[in-house]
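K.L.:
quick one: sequence and predicted model below, then my questions.
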Amino acid sequence: MPSAPPIAQIALDIPVPRLFDYLAPGLTKADIGQRVRVPFGRKEMVGVVMGLLPDSSYALHKLKPVLEVYRDAPALSTELLRLLNFCSDYYHYPLGATVMAALPTILRRSQPVQVKLASAWQLTAAGLTLRTDDLPARAPAQRALLDHMRDGQAHPGTALAAICRGYRSIVKAWVSRGWAAQIIQPATLHPHPAEADAPPQLTAAQQDAVAQISAAFAHYQAFLLHGITGSGKTEVYLHLVAAALARGGQVLLLVPEINLTPQLTGVFRARFPHIAIATLHSGMAEGERLTHWLAAAEGRARIVLGTRLAVFAALPQLALLIVDEEHDSSFHQQDGLRYAARDVAVVRAQQRGVPVVLGSATPALETWHNAQGGRYTLISLNQRAIAHARLPTISLLDTRSCKPDEGLSATLLAAIRSRLDAGQQSLVFVNRRGYSPALMCFECGWSAACTRCSAKLVLHLREHQLRCHHCGHVEQVVHACPACGNLDLKPGGFGTQRIEDSLTRHFPQARILRVDRDSTRKKHSWPDMQRAIRKGAADILVGTQLLAKGHDFPKLTLVGVINADSALYSPDFRATERLFAQLMQVGGRAGRAGAAGEVLIQTQFPEHHLYRLLQRHDYAGFAASLLAERAAAGFPPFVHQAVLRAEAGRLDTALAFLHKAQCAAPHMTGVTLFDPTQAAMARKAGAERALLLVQSPTRKVLQAFLSAWMPQLYALKANNVRWNLDVDPLEI
DNA sequence: AGCACGCCGACT
DNA sequence: GTCGGCGTGCTC
């Protein structure tokens, strides 16, 4: 008697917390983790085989068959499927949607993968006879390109673009003249084979860190690498990567921002020129992303460098995970599958039995707490690795006694003047882009607000616009107060543009460069700007967070901070933690090589203990005081939280849904369920938002509660309400 | 998420 | 008399 065809459980990108069963004749265990095409409703979808069973709990006669198995890419390993299963359980997000979210978009579509082939160009025999003088003297780009290609090798477009942006038209002209030929070859992930950079001598502390972590290569262990800016964390990473590669392993390195990726990729390429390095981030073109994903999945790329989404990359030889700047909030995905890549990285290391390194100068309080409790091994790098480099001196400028002029105090202005005279660079850090965060009427107290959000509109004076930074709403600047008719509306507070104007007035001769999301979008890209800054093409930099993150500018010796205080009266209990990290980070920009840096912070609260500890560069002291506060107040990491969020056209609709959810919740000791409230930003992009907070002293109890609660939530009919659950929320 | 089915207002 | 509004329910 022939045995019944197996039943395949398929993960589909459907917001329903279950898998779908299909008849799967001919499928074997080897197809688990493989993509399949299946009929779904009256359409077809791509899913992933999660398991094969002899039987189904669904009526057998209703089962449809799997239409096709795509065997064009490696199947997801059972190990990776296990990680995705964990994430689905832990974040209470449907398994099918979780699995599909881990795939590059092209693999979610119902066509077999076309492996991307890249164009390369090579000089022909005729082209090789050309001399530089044969090309016009006023065509330096052509001459540079010719010099570069004279080796007769095939050069991929990406490599030629590095010589000359407009290489394409030049090379095409050469092809038509018979000087060059186009060649199609598989895209290469290491386009510039070269001599490897020699690793520098490690400090004793760095050597010790490398030795400690390398000793854990065969098993799981989580390390917190706590090192101040300039203490050489990257160099420790590089040595660990070398060690992992020597053992035949792959390394996953997670970094916060796409902005960091090109710079860091450069460092890794220079040190490991013969190793294929895959990069994965959301800014990449779909095809490019697939190329890199496949290189990682097939084990060809031995180093994978990416943002949070890379934590789900298929890595058959994974031997080491590193999360750089692990405290950074960009490791948290805020929609869809709401995961924290740093935490997923730790679980992944645990499941695989390999070490994971979390690096930061200002670890997340949760991480620090784990290190204090012994769950993570703390390794501290206390000295700056660069010889003679000292920590910057941090001074506080009391803006109550010394009123700033258009945002800038006399002391800060004098300090900038002295840098200008010495040919050094200054950085002025402002927390808001735009001209000013409000447009106000001083007669009646009106200020311009967004109609779709509960937020003030930000004045962008140059564009004569008021913009909402939350929903993108734009309107023209009004010239009279809509409430009282007063014609004298004034900006309130300072944004980067206003500080830039102010600096221009004080230092008309200085070259001032503004760096924020607005200025980097047009004109020059941020990497171009960084190059210009490093070359000394600017005297004063004005900018937001963008400037704070991990770039060395050797001529930068002064950092001024304009309006840090707002975090001190924020209702968000994590605001001070973020402020400290931010100030520590931006302060670290000053004086990295040789010259000691100076940081000047304008504040109304110079006596605040945050600033005192910052002046002493005392992260540990600050963390201890924050942890004591959190313990006393019963906040994380001493409790574990989850937030049920709801959005609707009307606030009462959202609240009513949450109230129903509250009533449907199972009773469980050790779980506190708060009453529904409106969100901190009650209205965003036209949607009214409310939330329901749940917490418990133990993760296990919270998880048990959520597991029991979720089916109840799915059973509620959510008329016009969009809801989602946020486990370990960053903001409430 | 799609996409159908299904029961109540303004139009050829 | 129909076209179409989006509420509700299902997809293996």
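P.N.:
Sure, I can see it. Numbering: from 1, shown residues only, chains lettered A, B, ... in the order given.

K.L.:
now do the strands in the stretch 151-300 of chain A.
P.N.:
Counting by DSSP state E, counting those that start in this stretch, the stretch 151-300 of chain A has strands at residues A:155-156, A:180-186, A:221-227, A:250-254, A:277-280.

K.L.:
for the fourth one, packing partners?
P.N.:
Here strand A:250-254 touches helix A:233-246, strand A:303-306, strand A:318-324, helix A:341-352, going by 3 or more CB pairs under 8 Å, 6 or more residues apart in numbering; DSSP states H and E. The C-beta positions use only the backbone N, C-alpha and C, and glycine is treated the same way.

K.L.:
how about those, which one is nearest A:P15?
P.N.:
Of all those, the one in closest proximity to A:P15, counting by CB to CB, is helix A:341-352 (20.5 Å).

K.L.:
hang on, the earlier thing: and of the helices and strands packed on strand A:250-254, who's closest to DNA strand B?
P.N.:
Distance to DNA strand B, taken as CB to the nearest atom of the strand, is lowest for helix A:341-352 among the helices and strands packed on strand A:250-254, at 22.9 Å.

K.L.:
starting at the chain centroid, how far to that closest one?
P.N.:
Distance, stretch centre to chain centre, for helix A:341-352: 17 Å (CA atoms, centre = their mean, to the nearest Å).

K.L.:
got a list of contacts for that helix?
P.N.:
With CB atoms under 8 Å, 6 or more residues apart in numbering as the test, helix A:341-352 has contacts from A:79, A:82-83, A:86-87, A:90, A:220, A:222, A:252, A:254, A:307-312, A:318, A:321, A:323, A:326, A:331-333, A:355-356, A:358, A:364, A:367, A:728.

K.L.:
residue contacts, A:L290?
P.N.:
Per CB under 8 Å, 6+ apart, neighbours of A:L290: A:104, A:106-107, A:113, A:116.

K.L.:
in stretch A:393-411, which residues are buried?
P.N.:
For stretch A:393-411, the neighbour count (16 or more other CB atoms under 10 Å) marks A:394, A:396-397, A:399, A:404, A:407-409, A:411 as buried.

K.L.:
for the residue of the stretch 101-250 of chain A found nearest DNA strand C, report the pLDDT, please.
P.N.:
Proximity of the stretch 101-250 of chain A to DNA strand C (CB to the nearest atom of the strand) peaks at A:S110, 14.4 Å away. Here the pLDDT value assigned to A:S110 is 78.

K.L.:
count of neighbours near the nearest residue to A:G423 once chain neighbours are set aside?
P.N.:
Once flanking residues are discounted, A:G423 sits nearest to A:K555: 7.6 Å by CB to CB, 6 or more residues apart in numbering. Per other CB atoms under 10 Å, the neighbour tally for A:K555 reads 18.

K.L.:
quick one: the residue of chain A found nearest DNA strand B from DNA strand C, how far?
P.N.:
Per CB to the nearest atom of the strand, the residue of chain A with the smallest distance to DNA strand B is A:P15, at 3.9 Å. Using CB to the nearest atom of the strand, to the nearest Å, A:P15 is found at 8 Å from DNA strand C.

K.L.:
ok, that residue to A:L692 distance?
P.N.:
Distance, A:P15 to A:L692, by CB to CB, to the nearest Å: 19 Å.

K.L.:
for A:T669, same thing?
P.N.:
Here the criterion is CB to CB. By it, A:T669 lies 19 Å from A:L692.

K.L.:
how about A:T105?
P.N.:
33 Å.

K.L.:
tell me which of these two has more neighbours.
P.N.:
Comparing A:T105 with A:L692 by other CB under 10 Å, the one with more neighbours is A:L692, at 23 against 11.

K.L.:
and DNA strand B, is the helix or strand containing A:L658 touching that?
P.N.:
Using DSSP states H and E, the element containing A:L658 is helix A:651-664. No - applying CB under 7 Å from any atom of the strand, one finds helix A:651-664 separated from DNA strand B by no less than 14.4 Å.

K.L.:
CA atoms of that helix as CSV?
P.N.:
C-alpha atoms of helix A:651-664 as CSV (Å, rounded to 0.1, in the frame of the first residue of the first chain):
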residue,chain,number,x,y,z
LEU,A,651,-9.4,58.2,20.6
ASP,A,652,-12.4,56.6,22.3
THR,A,653,-12.4,53.8,19.6
ALA,A,654,-8.8,52.9,20.4
LEU,A,655,-9.5,53.1,24.2
ALA,A,656,-12.6,51.0,23.9
PHE,A,657,-10.6,48.3,22.1
LEU,A,658,-7.9,48.3,24.8
HIS,A,659,-10.6,48.2,27.5
LYS,A,660,-12.0,45.1,25.9
ALA,A,661,-8.5,43.7,25.7
GLN,A,662,-8.1,44.4,29.4
CYS,A,663,-11.3,42.6,30.3
ALA,A,664,-10.3,39.6,28.2
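
K.L.:
which stretch in the strands of the stretch 151-300 of chain A has the least confidence?
P.N.:
Lowest mean pLDDT within the strands of the stretch 151-300 of chain A: strand A:180-186, a mean of 68.

K.L.:
in stretch A:16-34, which residues are buried?
P.N.:
In terms of neighbour count (16+ other CB under 10 Å), stretch A:16-34 has its buried residues at A:17, A:19-24, A:27, A:31-34.

K.L.:
turn the contacts of A:L290 into CSV, columns for neighbour count, distance to A:F622 and secondary structure.
P.N.:
Converted to CSV, the contacts of A:L290 look like this (neighbours: other CB atoms under 10 Å; distance: CB to CB, whole Å; DSSP: H, G, I helix; E, B strand; the rest coil):
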residue, neighbour count, distance to A:F622, secondary structure
A:P104, 23, 40, coil
A:I106, 18, 45, helix
A:L107, 22, 44, helix
A:V113, 16, 49, coil
A:K116, 17, 48, coil
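
K.L.:
count of neighbours near A:L253?
P.N.:
By other CB under 10 Å, the residues close to A:L253 number 24.

K.L.:
OK, contacts around the closest residue to A:I275 other than its chain neighbours?
P.N.:
Nearest non-adjacent residue to A:I275, counting by CB to CB, 6+ apart: A:R302, 5.0 Å away. With contact taken as CB under 8 Å, 6+ apart, A:R302 is in contact with A:245, A:249-251, A:275-277, A:317.

K.L.:
now swap in A:R689 and tell me
P.N.:
Shown in contact with A:R689 (CB under 8 Å, 6+ apart): A:645-647, A:654, A:678-679, A:681-683.
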